[in-house]
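1. Need coordinates for the below:
(chains A and B)
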Amino acid sequence: MTRFVERHPAWALIVIIVIAVALWLVFAVWPQGVEDAFGRKRVFLNALFNGITLGGLYFLVASGFTLIFGLMRNVNLAHGSLYLFGGYVGYAISAATGSWVLSFIVAFVLTALVGVLLQVLVFRRMEGQDLRQTMVTIGLSIVFADLMLWACGGDFYQIQTPNWLIGPVELPLVTAIKSSGEPVYLRYPLVRLVIFAASVVIGMAMWLALNRTRIGMIIRAGVDDRDILAATGVRIQLVFVVVFALGAGLAGVAGVVGGTFQSLSPGEDIRFLLASLVVVIVGGMGSIPGAALGALIIGLAEQLGSVYIPTYAIVVTFLIMVLVLAIRPRGLLARR
Amino acid sequence: MLKGSLGLIALSSLLLSGTAFAQEKIKVGVTATLEGTYTVLGEDGIRGFQTALNVLGKKVGDKELEFVIASTDATPDSAVRAVRKLIEQDKVQILLSPLSGDEGIAVKNFAKTHPELTFINAASGAQETTYVDPAPNFFRYNMDGAQWQVGLGKYAYDQKKYRKIATVGEDYSFIYTQVFGLVLEFCGAGGQVTNRQWVPLGTKDFASVIAALPDDVDAIYLGLGGADAVNFLNQYQQAGGKAHLMGGSIMIDQTILSSKGNAKNALIGTLAASGQADTWENPSWQKFVKDYQDAFPPNKRFPSPSLLATNYYGSTMALILALRQVNGDLSNNQAKYKEALAKIELDAPNGKIKLDSNRQAIGTNFVTEVVDDGKGALFSKVVNVIPNVNQTLGYDPAVFAKIGLPSRTVPECKKY
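-> Numbering: from 1, shown residues only, chains lettered A, B, ... in the order given. Here you go, the predicted structure:
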């Protein structure tokens, strides 16, 4: 941190100013001039929070994707299918049992199982052949999409939000002052806050597991050089299976989350595959903090874009990707 | 001699049976949005199409109709691709296509490159399709989006006393046309439309759109359809939204009213207008509803046909009835058939339909309100019926032309 300030004093100053302005925008009551220029503060705060919570969802999908890539150098283009599969499983469970929490557990277990099967039956047979693996995953994603269309139809499904999560909560952020002097607080959907908190917890748990546990140490070693790791006697294939299961399971969990606050339908698999590709390209392939940063940036860009420049909102994400590729081709937080 | 004549009889009977077996077929291509955001709409459109075949049969004189169905995703290029495939690979002679607004404009333009074939619009409702530079071989037996909103603005102003409204709609031609019809009438009556928000087709996350809805209006008009509408309602419920709502023709429709989950309950009491009303007493409508219900098991259909089913039914009806009038004669670049199509008057389930000089439907419109039938199912209840709605919405054509084509900002909120 201090080294960054010493080496790039100008950049550090800009970053500090940006952070200060952002904090002021969030906490201060906007004077009339700012409201005139930016619109109401309620809209800005909502877009900001929506961007962050959407980033949470993107992180859940992309973290599994980047984990698998980091260790196995395998671009799994069937990752979106795992997302959709998890969502459908979650819908079936929540419709059958009425339990939202149970649907997460079952979706995680089943998609993890699919991940294990993929790794054992498909990827192990073509280890080290990147292009072939990529082509096979494209093929698989098409097959999965058609199978799911056959099984679930083209209808859109929505996982029922549990009753205790429906409706908004008041956050201690003032959006405006009424003429009577009474402050108006921000009202925000509770379910999105819970989902965001959950993705933060999962992200922290993954970081801790990778940096503080033995299996995490093995995975990190595998990311750096899997041949040496295998030579030290670690059963590398087992590690691959575990990581693949974890990455797939996370995609499944994300499917349930996406099915709860958005909806599930054919085509969602491609959308989330694309989103996670953009996220990891921006954040840096193979890096968990990179996935978190990328997800946050893309989520914010989508939501702020849809409010302030609705016509061009669609291109903003790709513009960011182009910029990152031009300036830091390996991603913002890629390891060198 | 005897032998010879026997042989002749045998030969001729062989030839006769040959013609009986190789019965002449007329090939018809059908497209529907069976993928993407509007999947549910496409599926119900096909149900309406099949109901029509059940009722009318597939025979035209001694010819048999053969259908090929192709899927699109509501984008214009997907529609043109599907239509091109039907013409070039499947060699269809008549097209029943397409379902959605932007698709309609593209297919109409494509129709001009095949003047020898006949295109019958299945359900699309953008104004431009038949209003600007219409194709002589493109026929539309459903009204456009603006016609489907006739009566809504006045009713909202006079009966509900709404004075200021805001709109949220999908960013494409059909919804432009719907908002066009609404704004023209509501502002003409003296109301104000303060804000028009447009979201891309296929938007999943509406949270920011919902946050940006103004609170100083009497009602919010929703011009959304399919998955977008369901996503919006779900997130609207999560955000605790409480405003009065008004709905477009594919928003207040069985495709949304019978979706899973309870987010749709926000729509109870919502005012809307469309080319049909679920609870209309008219016997031919009731018969159509019954035919639709009998054709499919309850879990494979909606409780009552959606607007798309009705449109596909009407278009298929026109296709078959006109073909029977000319006894399946498609010679001379289908000239006779096209003439019959232009003249035919349909006794459709949703009222009488005839075509104007642009081959655009003049029909009946319905203002409705959403009610709960007491068992948790939602229906649109008719509150007003307006017959003989034409494409210029009763305006003088010269005045109507000055308003401009429907877009994000047209028409202005004023009296024309």
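2. does the host helix or strand of residue A:57 come close to chain B?
-> In the assignment (DSSP states H and E), residue A:57 maps to helix A:41-72. Yes. Residues of helix A:41-72 contacting chain B under CB under 8 Å from any CB of the partner chain: A:42-43, A:46-47, A:50-51, A:53-54. C-beta coordinates here come from the backbone N, C-alpha and C atoms, glycine included.
3. Tell me which helix or strand comes right after that helix.
-> According to DSSP H and E, the helix or strand after helix A:41-72 is helix A:79-97.
4. Return the list of helices and strands in contact with that next one.
-> helix A:41-72, helix A:100-117, helix A:130-152, helix A:236-261, helix A:268-283 (3 or more CB pairs under 8 Å, 6 or more residues apart in numbering or on different chains; DSSP states H and E).
5. Grab the nearest non-local neighbour of residue 321.
-> Here I'm looking at chain A. residue A:278 (5.3 Å; CB to CB, 6 or more residues apart in numbering or on different chains).
6. I was thinking of chain B, sorry if that wasn't clear
-> residue B:344 (6.2 Å).
7. So for that neighbour, what's the pLDDT?
-> Residue B:344 is assigned 95 on the pLDDT scale.
8. Thought residue B:326 was touching it, still the case?
-> No. Residue B:344 is beyond contact range of residue B:326, at 10.6 Å (criterion: CB atoms under 8 Å).
9. I'd like to check which residues are in contact with the residue of the stretch 251-400 of chain B found nearest chain A.
-> With CB to the nearest CB, the shortest gap between the stretch 251-400 of chain B and chain A falls at residue B:261, namely 5.0 Å. Residue B:261 makes contact with A:158, A:160, B:230, B:234, according to CB atoms under 8 Å, 6 or more residues apart in numbering or on different chains.
10. quick one: contacts for the first one?
-> I take that to be residue A:158. Contacts of residue A:158 by CB under 8 Å, 6+ apart are A:91, A:259-260, A:263-264, B:230, B:234, B:259-261, B:263.
11. Just name the closest of these to residue A:200, please.
-> Nearest to residue A:200 among those: residue A:260, at 17.0 Å, using CB to CB.
12. for stretch B:217-234, the distance to its chain's centre please.
-> Computed by CA atoms, centre = their mean, to the nearest Å, the chain-centroid distance of stretch B:217-234 equals 19 Å.
13. Quickly check: that stretch near chain A or not.
-> Yes. Contact between stretch B:217-234 and chain A, assessed by CB under 8 Å from any CB, occurs at B:226-227, B:230-231, B:234.
14. and that stretch, how far apart are its ends?
-> Start-to-end span of stretch B:217-234 (CA to CA, to the nearest Å) is 21 Å.
15. Could you list the low-confidence segments of chain A?
-> Across chain A, residues meeting the criterion (pLDDT under 70) sit at A:1-2, A:335-336.
16. And for the spatially closest residue to residue A:85 that is not a sequence neighbour, the neighbour number?
-> Leaving aside its sequence neighbours, residue A:85 sits nearest to residue A:111 (CB to CB, 6+ apart; 5.8 Å). Counted with other CB atoms under 10 Å in any protein chain shown, the neighbours of residue A:111 add up to 31.
17. So which of the contacts of residue A:158 is the closest to residue A:292?
-> residue A:260 (20.9 Å).
18. Contacts only, for residue B:243.
-> Counting by CB under 8 Å, 6+ apart, residue B:243 has contacts B:213, B:215, B:217, B:219-220.
19. hang on, it in a helix?
-> No. Applying DSSP: H, G, I helix; E, B strand; the rest coil, one finds residue B:243 to be coil, outside a helix.
20. what residues does chain B put near chain A?
-> B:34-37, B:39-40, B:42-43, B:73, B:197-200, B:203-205, B:207-212, B:226-227, B:230-231, B:234-235, B:237-240, B:259-263.
21. So which residue is dead centre in chain B?
-> Residue closest to the mean C-alpha point of chain B, counted by CA atoms, centre = their mean, is residue B:123 at 2.8 Å.
22. List the buried residues for stretch A:213-227?
-> A:218-219, A:221-223, A:226 (16 or more other CB atoms under 10 Å in any protein chain shown).
23. helix/strand/coil for the closest residue to residue A:289 other than its chain neighbours?
-> Take residue A:289 and drop its neighbours on the chain: the residue closest to it by CB to CB, 6+ apart is residue A:333, 5.4 Å away. With three-state DSSP as the basis, residue A:333 sits in coil.
24. Now residue A:333: phi and psi?
-> Phi and psi for residue A:333, reported as degrees, to the nearest 10, are phi -110, psi 30.
25. For it, give its distance to residue A:66.
-> Distance from residue A:333 to residue A:66, counting by CB to CB, to the nearest Å: 11 Å.
26. Got a quick ChimeraX command for the buried subset of the residues of helix A:41-72 next to chain B?
-> Those of the residues of helix A:41-72 next to chain B that count as buried under 16+ other CB under 10 Å are selected in ChimeraX with:
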select /A:42,43,46,47,50,51,53,54
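27. Widest-spaced pair of the residues of helix A:41-72 next to chain B?
-> Once CB to CB is applied, the residues of helix A:41-72 next to chain B give A:42 and A:54 as the farthest pair, at 18.0 Å.
28. which helices and strands does the host helix or strand of residue A:169 pack with?
-> Assigned by DSSP H and E, residue A:169 belongs to strand A:168-177. On a contact count with 3+ CB pairs under 8 Å, 6+ apart, strand A:168-177 meets helix A:41-72, strand A:183-189, helix A:190-212.
29. Need the residues of stretch B:217-234 next to chain A in JSON lines (columns: pLDDT, secondary structure and distance to residue A:76).
-> Below are the residues of stretch B:217-234 next to chain A laid out as JSON lines (pLDDT from 0 to 100; DSSP: H, G, I helix; E, B strand; the rest coil; distance: CB to CB, whole Å):
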{"residue": "B:226", "pLDDT": "86", "secondary structure": "helix", "distance to residue A:76": "30"}
{"residue": "B:227", "pLDDT": "83", "secondary structure": "helix", "distance to residue A:76": "26"}
{"residue": "B:230", "pLDDT": "87", "secondary structure": "helix", "distance to residue A:76": "30"}
{"residue": "B:231", "pLDDT": "87", "secondary structure": "helix", "distance to residue A:76": "27"}
{"residue": "B:234", "pLDDT": "85", "secondary structure": "helix", "distance to residue A:76": "30"}
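30. all helices for chain B, in order.
-> B:2-21, B:39-56, B:76-88, B:101-111, B:128-131, B:152-158, B:173-188, B:207-211, B:226-238, B:254-257, B:283-295, B:307-325, B:331-343, B:397-403 (DSSP state H).
31. packing partners for the fifth one?
-> Packing partners of helix B:128-131 (3+ CB pairs under 8 Å, 6+ apart): helix B:101-111.
32. buried ones in the helix it packs on?
-> B:101-108, B:110-111.
33. before we move on, what about stretch B:285-295?
-> B:285, B:288-289, B:291-293, B:295.
34. thinking again about what came up before, quick check: the residue nearest to residue A:321 touching residue A:299?
-> No. Applying CB under 8 Å, one finds residue A:278 not in contact with residue A:299, separated by 10.9 Å.
35. If you count surrounding residues, which of these two has more?
-> Legend: neighbour count by other CB under 10 Å for residue A:278 and residue A:299, higher for residue A:299 (25 against 22).
36. And the helix or strand hosting the more buried one, what's buried?
-> Assessed by DSSP H and E, residue A:299 sits inside helix A:288-308. Across helix A:288-308, burial judged by 16+ other CB under 10 Å covers A:288, A:290-308.
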